[in-house]
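Q: Sharing a model prediction with you, sequence too.
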Amino acid sequence: MNNFTNDSIQITFSQPNLDLFQIADSGQCFRMIPLESEKNGDTKEIPGFSVICSGRYCELYQKGEKITLLCMPQDETFWKNYLDIDTDYGTIIASVDPSDKYLLKAADFGKGIRILRQDLWEMIITFIISQQKAIPQIRQAVEDLCRSYGTATVNFRNHTYYSFPDPYQLSRASLEELKKHRLGYRAKYIYQVCQDAAGKHMDLDALKSMPYRQAMDYLMQFYGIGEKVANCICLFGLHHVNAFPVDTWIKKILMKEYWQDAYKDLPKNRLYTTMVHDHFSMYEGCAGVMQQYIFFYERRGNMSHLF
DNA sequence: TCCCAGGATACTC
DNA sequence: GAGTATCCTGGG
């Protein structure tokens, strides 16, 4: 990380409960990519990540609790905020119910995970894309949209990177164009949401000021956004840490680890809501973090690697 | 070849 | 309110 060309600054700070590798494949962030260097013709992975968010580019490196941030000087505050450095995750982990052995293990295993403060619009589109897709496919589709419709900028290494297209940029894509990016049946959802956002029918600024429940109701009015996607947008795009997205992984965990006989007569639809309420509503203000811990713990046990 | 993967919609009853 | 077929695509 020594041969950067111009203007960039390098800041190193110490931060507990922050693990770049865990965050990068926690499934919340799709533009945090391992850095590679070319040596003797073949590419070699180096222990760092490039991140693109809100039109900005940075590189992050880690050694123990020491995080090194490489970015433009005016963006230092932005990236520190992105990493949610003002939240004390140690306190959150310490608040785990001692009788919940599974969550204790999961929180310890994923103690370096944080809820990043990402761009709202990017999260809306990304999690619409995410439905019925695996993480590498989501990455690919997002990168595709950025290269096709985003703004090209040259970073401090003289490499070109592409911002995530804003509503106006993305709304210029026709439905047919969107379908070419392997979005499948999601293309029509994205097309409609872009039209809504560019036409101010979807008001992102208003959304940012809404409390969690209101934001959920607002988001679910739009075509292609159901409860799960709305929860992901709330958690990762609005930093509503009470949001608790329930996908098939979480359903599996709930059935495996939190089942009680009292649930046997509940219809499936009510079942998961009830289970989440019974076991996670006590984590006021950090339930979403607990969701990330169990999600990551379960997935890591089942998958060898993701990149 | 079939099946399903980190869902939502439109349609049934 | 609760259950189901259908929608794209890629990979096992």
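A: It's in. As the structure is a prediction and not an experimental result, all values here were calculated from the model.

Q: how about the residues of chain A near DNA strand B?
A: A:25, A:27-28, A:130-135, A:185, A:189, A:220, A:222-230, A:232, A:247-249, A:299 (Cβ under 7 Å from any atom of the strand). Any C-beta I mention is one placed from the backbone N, CA and C, and that applies to glycine too.

Q: Now name the helix or strand holding A:Glu143.
A: helix A:135-149 (DSSP states H and E).

Q: So which elements touch the helix or strand following that helix?
A: Note on helix A:135-149: by DSSP H and E, the next helix or strand toward the C-terminus is strand A:152-154. Applying 3 or more Cβ pairs under 8 Å, 6 or more residues apart in numbering; DSSP states H and E, one finds that strand A:152-154 makes contact with strand A:160-162.

Q: at 10 Å instead, please
A: strand A:56-63, strand A:160-162 (3 or more Cβ pairs under 10 Å, 6 or more residues apart in numbering; DSSP states H and E).

Q: Give me the distance between that strand and the centre of its chain.
A: 23 Å (Cα atoms, centre = their mean, to the nearest Å).

Q: Who does it pair with, and is each partner parallel or antiparallel?
A: strand A:160-162 (antiparallel) (DSSP bridges).

Q: Name the residues that touch the helix or strand that the strand it pairs with is followed by?
A: Proceeding N to C from strand A:160-162, the next assigned helix or strand is helix A:167-171, under DSSP H and E. With contact meaning Cβ atoms under 10 Å, 6 or more residues apart in numbering, helix A:167-171 is reached by A:121, A:124-125, A:145-146, A:148-151, A:163-165, A:178, A:190-191, A:193-200, A:202, A:204.

Q: Kindly report the same for stretch A:276-283.
A: Taking Cβ under 10 Å, 6+ apart as the rule, stretch A:276-283 contacts A:92, A:95-97, A:100, A:102-103, A:241-242, A:244-246, A:250, A:254, A:257-258, A:260, A:262-263, A:286-291, A:294.

Q: about what we covered before: quick check: which of the helices and strands packed on strand A:152-154 is buried the most?
A: Across the helices and strands packed on strand A:152-154, averaging neighbours per residue (mean count of other Cβ atoms under 10 Å) puts strand A:56-63 on top, at a mean of 19.

Q: list the helices and strands the following helix or strand past that strand packs on?
A: For strand A:56-63, the succeeding helix or strand toward the C-terminus, using DSSP H and E, is strand A:66-71. Judged by 3+ Cβ pairs under 10 Å, 6+ apart, strand A:66-71 is in contact with strand A:9-14, strand A:42-53, strand A:56-63, helix A:76-82.

Q: Start and end of stretch A:258-270, how far apart?
A: Terminal residues of stretch A:258-270 lie 15 Å apart, using Cα to Cα, to the nearest Å.

Q: ok, and what's touching that stretch?
A: A:100, A:102-103, A:251, A:254-255, A:271-276, A:278-280, A:294.

Q: Would stretch A:263-278 count as contacting DNA strand C?
A: Yes: using Cβ under 7 Å from any atom of the strand, stretch A:263-278 reaches DNA strand C at A:267-270.

Q: Which residues are in contact with the closest residue to DNA strand C within the stretch 151-300 of chain A?
A: Nearest to DNA strand C in the stretch 151-300 of chain A, going by Cβ to the nearest atom of the strand, is A:Gly184, at a distance of 2.8 Å. Taking Cβ under 10 Å, 6+ apart, we find A:Gly184 in contact with A:129, A:131-133, A:141, A:178.

Q: tell me the two of those residues that are most distant?
A: Within those, A:Gln132 and A:Leu178 form the most distant pair, 16.4 Å apart (Cβ to Cβ).

Q: More neighbours: the two, which one.
A: Neighbour totals were compared for A:Gln132 and A:Leu178, and A:Leu178 leads with 22 against 10 (other Cβ atoms under 10 Å).

Q: Spell out the secondary structure type for the nearest residue to the more buried one once chain neighbours are set aside.
A: Spatially, and ignoring its direct neighbours in sequence, A:Leu178 is nearest to A:Ala187 (4.1 Å; Cβ to Cβ, 6 or more residues apart in numbering). Three-state assignment for A:Ala187 (DSSP: H, G, I helix; E, B strand; the rest coil): helix.

Q: A:Ala187: neighbour count?
A: A:Ala187 - counted by other Cβ under 10 Å - has 22 other residues nearby.

Q: Repeat that for the one 5 residues further on.
A: By other Cβ under 10 Å, 17 other residues sit near A:Gln192.

Q: Can you name the residues that contact it?
A: Per Cβ under 10 Å, 6+ apart, neighbours of A:Gln192: A:128, A:175, A:201-202, A:222-224.
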